[in-house]
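# pasting the sequence and the predicted coordinates here, then a few questions.
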Amino acid sequence: MNFGFVINNETCIGCHACSTACKSENEVPLGVNRTWVKSVETGAFPNVRRHFQVTRCNHCANPPCVRICPVTAMYQRDDGIVEFNGDACIGCKACLQACPYDAIYIDPDSGTAAKCHYCSHRTDIGLEPACVVVCPEHAIIAGDMDNPDSEISSLLAERKVTVRRPEQGTAPKLFYIGGNDAAMHPTATQGAPATFAWADFVGDGAPVAPRNDEQGLPSGGAIAMGRGRMAEQMVQVSYNAQHRVPWHWPVPAYLVTKAIGAGIFLFVALAHLLGLISYDPALFVRSGVLSIVFTVLTTVLLVADLERPERFLRVLTRPQWRSWLARGAYLLVGFTALSAAWVGLELFLDHSTEGFPILQATILVLGIPLAAGAAIYTAFLFGQAEGRDLWQSTLLPVHLLIQAAIAGSASVLVLSSVIGNWEVETVAGLVLGWSLVCDLIVLFFGEFGMPHGSESAALAAREIKSGRYRHHFWFGAIVCGHALPLLSLVTNIGVLPGSILAIAGLYFYEYAFVMAPQRIPNS
């Protein structure tokens, strides 16, 4: 069996019966939706037409939400239904980032992910989903696409159908008859007036309880009066269900703390093994402790960002090995354990012992791949977040490694200036300077210099360079995070503040990089 949906937009009347039936059948709380009807108006007055589109989970044949889930809470059944297990979910919100259709939400009552599950409790006993039963126009058709005698198979064979975002490679099984481009593609109305027929959300600048975490265009209230002739624009969204941004400041903060923890270890280990710095017990112990502290802080930020933080150990006890979130958790644990062994060796083993240098070198050599893995694994996690096109960058692993070099050398530079190790300070200054130069090259000739592969990625990049996050990027990341630290290194004035500014600039960049793609709506 292979279940799917066909939505006939030619017969849909936009009555929202499917939305209310879904809420009633599945006890969906207010403020979130498993299925909703999007309304888009096209044309210029008086020649205006309204298009309806029923939107929900696409039950993809190649579901990215299943791959990214670290605890197998999101899974695909043998009959093709993409189901979720709320009892297993830790509320990491990774599946929300992976879905290119904004079909998954966090249940405000349970704190776990939820979505359309094809009314599997009804399907399992031979009944149709509630939305199918209640539709007065029979505009929603559900069934087994592998059965040639089913209605859905006949429709797919006879009618021209389209799917949303086929370029994502998810093989969606939600097909539309008469799909309108303006309704199918969320960026088609980018920049159009936000004159909704009625408000179902409160956006930026709203007079009551303003929020700053919704995607797409804000609403100014329940009634929006235009200037001049009404409906004079060519296209506008008149009704939609807005989706909030899943990840906030803890994620960019975790990227910075992780870069510091891994970067310190990488700098000290490589510089010592390559003979660039002499052995300094005080420096090694303090570096190891700082590496552990910032790696543990990374874990604290990750756990704090979970909707169900009390379940965080499930990432280790029931991992889903295709998920880079689960793999990353093991990398962080392994790296922390090895860093602790390094500190223990420095503190409790006699440095004059004959085997001390060999044991120390062994720990440092083993720690280098773990530290590098901890630094860059987020690039592969972001790669699995297929709903955010800007994060799908092949340069991201290299970029994260360069950022670890910046954070690590800047931290060691601060530490060496405090303990007065001028040899280490000189090497750390050189590494920091060249790392900042390399980072600028990656930024301007790679991440933001080359054309982007999709419209969503280009829009997110524009948000960073000239939109909502331009101050974070130009003033925070470029001026404070690169120009001023480089100036302090070249002139040898204010090296300590320059190092701190480099780390602060890293946070400004990560904040813009994490937030901007989430502002681009997928539905």
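Nice, thanks for sending it over.
# pLDDT below threshold where in the stretch 151-300 of the chain?
For the stretch 151-300 of the chain, the stretches flagged by pLDDT under 70 are 189-233.
# please repeat the previous calculation with a cut-off of 90.
Judged by pLDDT under 90, the stretch 151-300 of the chain has its weakly predicted residues at 167, 178-244, 280.
# now the helices for it?
Per DSSP state H, counting those that start in this stretch, the stretch 151-300 of the chain carries helices over the ranges 151-158, 181-184, 250-273, 281-304.
# just name the most buried of the ones you listed.
When the helices of the stretch 151-300 of the chain are scored by mean count of other CB atoms under 10 Å, the highest mean neighbour count falls to helix 250-273 (a mean of 25). C-beta: built from backbone N, CA, C; applies to glycine.
# just put the helices of the stretch 151-300 of the chain in JSON lines and tack on distance to residue 137.
Listed next are the helices of the stretch 151-300 of the chain as JSON lines, based on distance: least, CB to CB, whole Å:
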{"stretch": "helix 151-158", "distance to residue 137": "14"}
{"stretch": "helix 181-184", "distance to residue 137": "17"}
{"stretch": "helix 250-273", "distance to residue 137": "43"}
{"stretch": "helix 281-304", "distance to residue 137": "47"}
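# and of those helices, who's closest to residue 105?
With CB to CB as the measure, helix 250-273 is the member of the helices of the stretch 151-300 of the chain nearest residue 105 (18.2 Å).
# which one is residue 24 nearest to, not counting chain neighbours?
residue 130 (7.3 Å; CB to CB, 6 or more residues apart in numbering).
# what comes up buried for stretch 487-496?
For stretch 487-496, the neighbour count (16 or more other CB atoms under 10 Å) marks 488-489, 495 as buried.
# just stretch 316-334 next, same as before
Those buried within stretch 316-334 under the rule 16+ other CB under 10 Å are 319-320, 323-334.
# name the nearest of those relative to residue 1.
Among the buried residues of stretch 316-334, and counting by CB to CB, the member closest to residue 1 is residue 320, at 24.0 Å.
# is the closest one in a helix, a strand, or coil?
coil (DSSP: H, G, I helix; E, B strand; the rest coil).
# mind listing what the closest residue to it other than its chain neighbours touches?
Nearest residue to residue 320, sequence neighbours excluded (CB to CB, 6+ apart): residue 72, at 4.5 Å. Counting by CB atoms under 8 Å, 6 or more residues apart in numbering, residue 72 touches 85, 88, 318, 320.
# which of the helices or strands spans residue 72?
Using DSSP states H and E, residue 72 sits within no helix or strand.
# again with residue 339
Counting by DSSP H and E, residue 339 is part of helix 324-348.
# taking their axis directions, the next helix or strand after that helix and helix 324-348 sit at what angle?
Counting by DSSP H and E, the next helix or strand C-terminal to helix 324-348 is helix 356-384. With axes from the mean of the first three to the mean of the last three CA atoms, to 10 degrees defining the directions, helix 356-384 sits at 160 degrees from helix 324-348.
# distance from the chain centre to helix 356-384, please.
Distance of helix 356-384 from the chain centroid (CA atoms, centre = their mean, to the nearest Å) equals 23 Å.
# quick check: angle from that helix to helix 250-273?
150 degrees.
# quick check: buried residues in helix 356-384?
360, 363-364, 367-368, 370-384.
# now stretch 57-71
57-60, 63-71.
# how is the chain divided into domains?
Domain segmentation of the chain under automatic domain parsing yields 3-239, 250-518.
# show me the buried residues of stretch 487-496 that map onto helices.
488-489, 495 (DSSP state H).
# show me the contacts for the one residue sitting closest to the centre of the chain.
Centroid-nearest residue in the chain: residue 97, 4.7 Å away (criterion: CA atoms, centre = their mean). Going by CB under 8 Å, 6+ apart, residue 97 touches 68, 246-247, 385, 387-388, 518.
# please redo it, this time with the cut-off set to 10 Å
64-65, 68, 104, 246-247, 251, 381-382, 384-388, 391, 514, 517-518 (CB atoms under 10 Å, 6 or more residues apart in numbering).
# next: residue 300.
So residue 300 contacts 250, 254, 257, 309 (CB under 10 Å, 6+ apart).
# closest to residue 138 out of those?
The closest of the contacts of residue 300, once distances to residue 138 are taken by CB to CB, is residue 309, at 45.1 Å.
# isn't the closest one up against residue 111?
Yes: with contacts defined as CB atoms under 10 Å, residue 309 counts as touching residue 111 at a distance of 9.3 Å.
# what touches both of those two?
90-91.
# just want to know which of these two has more residues nearby.
residue 111 (17 against 14; other CB atoms under 10 Å).
# ok, for that one, nearest residue in space, not its chain neighbours?
residue 307 (3.9 Å).
# so where's the stretch 1-150 of the chain uncertain?
30-31, 38-51, 53.
# where do the strands sit along this protein?
3-8, 35-44, 47-56, 74-76, 82-84, 105-106, 113-114, 140-144, 161-162, 174-177, 235-239 (DSSP state E).
# and those as JSON lines, adding mean neighbour count and distance to residue 503?
Below are the strands of the chain laid out as JSON lines (neighbours: other CB atoms under 10 Å; distance: least, CB to CB, whole Å):
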{"stretch": "strand 3-8", "mean neighbour count": "24", "distance to residue 503": "49"}
{"stretch": "strand 35-44", "mean neighbour count": "20", "distance to residue 503": "42"}
{"stretch": "strand 47-56", "mean neighbour count": "19", "distance to residue 503": "42"}
{"stretch": "strand 74-76", "mean neighbour count": "20", "distance to residue 503": "35"}
{"stretch": "strand 82-84", "mean neighbour count": "22", "distance to residue 503": "38"}
{"stretch": "strand 105-106", "mean neighbour count": "21", "distance to residue 503": "31"}
{"stretch": "strand 113-114", "mean neighbour count": "23", "distance to residue 503": "33"}
{"stretch": "strand 140-144", "mean neighbour count": "21", "distance to residue 503": "53"}
{"stretch": "strand 161-162", "mean neighbour count": "15", "distance to residue 503": "48"}
{"stretch": "strand 174-177", "mean neighbour count": "22", "distance to residue 503": "45"}
{"stretch": "strand 235-239", "mean neighbour count": "20", "distance to residue 503": "41"}
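# got a markdown table for those strands, with distance to residue 298 too?
As requested, those are exported to a markdown table (distance: least, CB to CB, whole Å):
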| stretch | distance to residue 298 |
| --- | --- |
| strand 3-8 | 41 |
| strand 35-44 | 36 |
| strand 47-56 | 35 |
| strand 74-76 | 24 |
| strand 82-84 | 27 |
| strand 105-106 | 22 |
| strand 113-114 | 23 |
| strand 140-144 | 44 |
| strand 161-162 | 43 |
| strand 174-177 | 38 |
| strand 235-239 | 39 |
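# residue 14: which of those is closest?
Comparing the strands of the chain by CB to CB, strand 47-56 comes nearest, at 3.9 Å.
# about what we covered before: need the max-distance pair from the contacts of residue 300.
257 and 309 (17.1 Å).
# residues near the residue lying closest to residue 79 once chain neighbours are set aside, how many?
Nearest non-adjacent residue to residue 79, counting by CB to CB, 6+ apart: residue 1, 4.1 Å away. Residues lying near residue 1 (other CB under 10 Å) number 13.
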